[in-house]
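Chemist: what's the 3D shape of this:
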Amino acid sequence: MLTLKRIFVGERLTQVRSRSGEMAPIDKKTPKTRSAIKDVVTRDYTVNLHKRTHDRSFKKRSPWAIKSIVSFAEKTMGTKDVRLDPKLNQQVWSRGVRSPPRRLRLRLELLLVTALSIGFVNVRARRLTWSSMDDAAGKRNDAEDAKEKLYTYASYVPCTNFKGTVTEVVDAEA
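Modeler: From the prediction side, this is the model:
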């Protein structure tokens, strides 16, 4: 709403239009959350790590690639609990900290949390030593105490040529 104010500019009294303190209403949209329980499925994705690690400092590129894989899995599969296969971790780090692979083919599986889900590298646990990794992954949450009933398990799918690769649903038996 416009109002007129009278102010002194030098020695003259002038009128100035001003807006009142009201702001335009903001559309508050709630973020869409996926329910992972509806679709327990395994999919293969191609993830472009180059665009996710571009403009990162050299010594932070592979750690950032791991974090971006985890965030990609969280968004696409709809779970907060993401566990990485050790072979996927080795593939990201295979060329060192400075140059992770430009693209990776990932297999993201939704699995039920059980007391026997042991042996996965858990990025959020921050325990990546080989001696304590098996213990930490199994004790992270039991089947009864889990907030979420499902977790996402990300594994590496070997791929030589990424031309024409699309997201594919993988059969559970394969």
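Chemist: for this protein, where's the lowest mean pLDDT among helices and strands?
Modeler: Within the chain, confidence by mean pLDDT, DSSP states H and E is lowest for helix 130-139 among all helices and strands, at a mean of 42.
Chemist: immediately after that one, which helix or strand?
Modeler: strand 150-156 (DSSP states H and E).
Chemist: can I have that next one written out in CSV, keeping just the CAs?
Modeler: The C-alpha trace of strand 150-156 is given here as CSV (Å, rounded to 0.1, in the frame of the first residue of the first chain):
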residue,chain,number,x,y,z
LEU,A,150,13.9,-49.4,5.3
TYR,A,151,17.4,-48.4,4.4
THR,A,152,19.0,-47.8,1.0
TYR,A,153,22.0,-49.9,0.1
ALA,A,154,24.2,-48.3,-2.7
SER,A,155,26.5,-50.6,-4.7
TYR,A,156,28.7,-50.2,-7.8
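Chemist: Low-confidence regions, the chain specifically.
Modeler: 1-2, 16, 18-25, 31-39, 115-145, 172-174 (pLDDT under 70).
Chemist: From Arg17, how far out is Thr3?
Modeler: 7 Å (Cβ to Cβ, to the nearest Å). C-beta here means a position set from N, CA and C on the backbone, and glycine is covered the same way.
Chemist: Also Val9?
Modeler: Applying Cβ to Cβ to Val9 and Arg17 gives a distance of 14 Å.
Chemist: now swap in Lys67 and tell me
Modeler: For Lys67 relative to Arg17 (Cβ to Cβ), the value is 50 Å.
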